[in-house]
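Peer 1: Here is my input, please return the structure:
(one chain, ligands or ions: 1)
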Amino acid sequence: MTRRVLVTGGAGYVGSLLVPRLLARGHAVTVLDRLWYGAGALDPVRAEPGLRLLAADIRDRDAVRAALSGADAVVHLACISNDPSFELDPSLGRAINLDAFQPLVEESLRAGVSRFIYASSSSVYGVSDRAQVDEDHPLCPLTDYSRFKAECESILLQERRGGFCPIVVRPATLCGVAPRQRLDLTVNILTHHAFERGRITVFGGSQKRPNLHIEDMVEVYERLLAEPSERVRGRVYNVGYENHSVAELAQIVREVVTAQRPEPAVDVETTDSADLRSYHISSRRIRAELGFLPRRTIADAVRDLYAAFAEGRLRGAAEDARYFNVRRMQELIRAGEAA
Ligand SMILES: NC(=O)c1ccc[n+]([C@@H]2O[C@H](COP(=O)([O-])OP(=O)(O)OC[C@H]3O[C@@H](n4cnc5c(N)ncnc54)[C@H](O)[C@@H]3O)[C@@H](O)[C@H]2O)c1
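Peer 2: Numbers count the residues shown, from 1 in each chain. Next up, the predicted model:
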């Protein structure tokens, strides 16, 4: 079954991998994105007849309406996508991450969209001591970024009726290579530092950080567009793979990088941290209900990243704000370009 999909934030880290995949499967795709990290990531598919790229804001209702024309599905990725970027300007964060959401859902219903997939976050659980943090665990978001994710989930799930099929995804932190690269996510940071500096600094280390390979994330979105509505309507899915501690992640990075480049050795330095908050999630539901099992490991993501660095595909990244959301958002806010 092919769809006409609106991907908001389709030029971002996840979108830049998802959009070409959807086009390759024969779906028609509209991307609505402010292009804060550039549009270059979508260059290889720019000429595809199935792609429509709208450089506009999700806060602009007319633009949203235009983007939705003819759509039967939405994958909503656009947002200020981490805590530090959000905190630079909380009212901007609220306008994008929360206030724009209800209008987007309303316009989607009006346009006849039948499937709406929302990228929430596993950070909605806050910190928990429970052995299994599954989808029924109470939500205890610790920041506004996470609180608004939780609020959007409930706005969307209220519309679980008629032919409308809302789905919520709560991903772990992602890792790996994508056309629009982020280097501000745990495993990606550690690999970058191991490659560039030959040294990784771990703050604390005992904290657990669930992670997921970005290719597996993209596969989940593809699957959720294809599943029969009866199976996924109103469902919420954690999507994670390995609940490693930060010290274990550093060890994986060290081993993978050392296997590729034995010299110079990668040092792992551990320093004290006052913040030992630990997160872990259970992804049993998506496995039990949809048979989804991640196929790539954290080590695979590190290998791919290492190759991207070694082949010079990320040359100059350390000085380029677009690889680090908070630095780029700082630039945009200072220049008055995020309003
Ligand atoms: N990357 C992760 O580890 C991760 C983990 C859990 C959840 N998520 C969620 O997945 C989604 C995608 O994450 P990502 O890593 O690709 O983020 P990203 O920051 O790389 O991409 C976000 C995209 O949205 C666009 N955008 C932001 N505000 C916009 C606006 N007002 N109007 C139009 N476009 C706008 C940006 O230009 C950017 O291209 C986000 O909702 C994020 O919260 C990501």
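Peer 1: Please count neighbours and contacts with C-alpha atoms only from this point.
Peer 2: OK.
Peer 1: dump the residue contacts of the residue at minimal distance from the centre of the chain.
Peer 2: Nearest to the geometric centre of the chain sits Val14, at 5.3 Å (Cα atoms, centre = their mean). Residues in contact with Val14 (Cα atoms under 8 Å, 6 or more residues apart in numbering) are 77, 178, 214, 217-218.
Peer 1: quick one: which two of these are the most distant?
Peer 2: Pairwise distances across those (Cα to Cα) peak at 15.0 Å, for the pair Leu77 and Ala178.
Peer 1: For the closest residue to the ligand within the stretch 201-339 of the chain, give me its contacts.
Peer 2: With distances taken as Cα to the nearest ligand atom, the stretch 201-339 of the chain approaches the ligand most closely at Asn325, which sits 6.3 Å away. Remark: with contacts taken as Cα under 8 Å, 6+ apart, Asn325 is in contact with 81-82, 85, 182, 184.
Peer 1: cool, and Leu22?
Peer 2: With contact set as Cα under 8 Å, 6+ apart, Leu22 has these partners: 28-29, 222.
Peer 1: And Gly15, by the same measure?
Peer 2: 7, 9, 77.
Peer 1: Against Arg334, how distant is it?
Peer 2: Plainly put, Gly15 is 26 Å away from Arg334 if you go by Cα to Cα, to the nearest Å.
Peer 1: before we move on, what about Gln158?
Peer 2: Applying Cα to Cα, one obtains 37 Å for the distance of Gln158 from Arg334.
Peer 1: before we move on, the earlier item: format the contacts of Val14 as CSV; extra columns: pLDDT.
Peer 2: Below are the contacts of Val14 laid out as CSV (pLDDT from 0 to 100):
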residue, pLDDT
Leu77, 98
Ala178, 98
Ile214, 98
Met217, 98
Val218, 98
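Peer 1: just checking: which of the residues you listed also lie near the ligand?
Peer 2: Filtering the contacts of Val14 for neighbours of the ligand using Cα under 6 Å from any ligand atom leaves Leu77.
Peer 1: from the contacts of Val14, which ones fall inside helices?
Peer 2: 214, 217-218 (DSSP state H).
Peer 1: Just the CA atoms of stretch 274-284, as PDB, please.
Peer 2: Included here for stretch 274-284 are C-alpha records, laid out as PDB according to Å, rounded to 0.1, in the frame of the first residue of the first chain:
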ATOM      1  CA  ALA A 274      26.300  15.000  40.500                       C
ATOM      2  CA  ASP A 275      23.700  13.800  37.900                       C
ATOM      3  CA  LEU A 276      23.500  10.000  38.100                       C
ATOM      4  CA  ARG A 277      19.800   9.800  36.900                       C
ATOM      5  CA  SER A 278      19.300   6.600  35.200                       C
ATOM      6  CA  TYR A 279      16.800   5.800  32.400                       C
ATOM      7  CA  HIS A 280      15.700   2.500  30.900                       C
ATOM      8  CA  ILE A 281      12.700   1.300  28.900                       C
ATOM      9  CA  SER A 282      11.100  -1.900  28.000                       C
ATOM     10  CA  SER A 283      10.200  -2.400  24.300                       C
ATOM     11  CA  ARG A 284       8.400  -5.600  24.700                       C
END
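Peer 1: Right, I'll call it a day here.
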